[in-house]
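Colleague: just a sequence and a predicted model for now, questions to come.
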Amino acid sequence: MEGFQVTEIGEKIYCILDAGNSSFYVVEGEEKAAVIDTGITAGAKILPVIRELTDKPLLLVITHAHPDHMYHIDEFDEVYMCHEEKKMDPETLVMLTAGKLKPWEEIHDIRTDSVISLGGTELTICQAPGHTPGSVVVLETKQNYLFTGDAIGSGCGVWMQVPGGTSLEEYYDGLVGLMAWLVKKGGRMKFFGGHHTQVFESTAHPVYNPLSLGVLADLIDLVDQVIHGENLGRPSNAKPFSKEQVRYASYGRAEMQYCVSRIHRK
């Protein structure tokens, strides 16, 4: 497992951290095991690492179409991803997936309330458009673990300056819908993001800022403040993806990198 840090975070649930600080997860049921995202480890395969954890038939669930979450898609035959990612223009989609994307007819579509059975436990999906138009979160129903990809950030905040993302208005609506869905499911999930080590990189909370329902609530307020011009934050040194300036805004425990062009106030 050289180059990977493996931690058992629940019964038959594992977090795998790769050398690039991307986190992906393995959830083993009685009949199948699901891999949630893949990280990005160029020049190596991840299946040997996963096969040290489980011998069950595998399926892959991708939270969103970015290379650090689906780079190893070609190692899996049964793949699930929300087809709303098609809303990105084709050139952007190819760039963001490093050309690794399978043909859409080979990928099972997932939407809010889609259920993937592993035997003895289920994975239930909720759409969370924003970071990408097809971003989803994945709820493991037996131990109540929620895998959020990059939909609400991982301590250092969500990146909304990335090409192909939605407007902040669409993001706000998606976050409100996600909150309602989580509350309906009981609201007491354990949150696991797509970059586990980022809990130590928060600007507002540099010691520890794990994801939670409270972070999501603060993020809803933050996006609303930015949309209405009440909190535009400050210039950011986060990675730019265009010539437009990236800004950083925070509220409570929520943080966001964004570009003003993503605000579509009428």
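Modeller: Received the coordinates, thanks. Numbers count the residues shown, from 1 in each chain.

Colleague: CA only for contacts and neighbour counts going forward, please
Modeller: OK.

Colleague: could you pull out the strands in the stretch 51-200 of the chain for me?
Modeller: Using DSSP state E, counting those that start in this stretch, the strands assigned to the stretch 51-200 of the chain run over residues 58-61, 79-80, 107-108, 115-117, 122-127, 136-140, 145-149, 158-159, 190-193.

Colleague: ranking the ones you listed by burial, who's on top?
Modeller: strand 136-140 (a mean of 26; mean count of other CA atoms under 10 Å).

Colleague: so in that sheet, which strands flank that strand, and in what orientation?
Modeller: Sheet partners assigned to strand 136-140 using DSSP bridges are listed as strand 122-127 (antiparallel), strand 145-149 (antiparallel).

Colleague: then that strand to CSV, C-alphas only?
Modeller: Extracted in CSV, the C-alpha atoms of strand 136-140 (Å, rounded to 0.1, in the frame of the first residue of the first chain):
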residue,chain,number,x,y,z
VAL,A,136,-23.8,14.1,-5.5
VAL,A,137,-23.5,13.0,-1.9
VAL,A,138,-23.7,9.4,-1.0
LEU,A,139,-25.4,8.2,2.3
GLU,A,140,-24.4,4.7,3.7
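
Colleague: which residues outside that strand are in contact with it?
Modeller: For strand 136-140, contacts defined as CA atoms under 8 Å, 6 or more residues apart in numbering pick out 63-64, 82, 111, 121-129, 145-149, 151.

Colleague: so how far is it off the chain centroid?
Modeller: 9 Å (CA atoms, centre = their mean, to the nearest Å).

Colleague: please work out the average pLDDT along that strand.
Modeller: Averaged across strand 136-140, pLDDT comes to 98.
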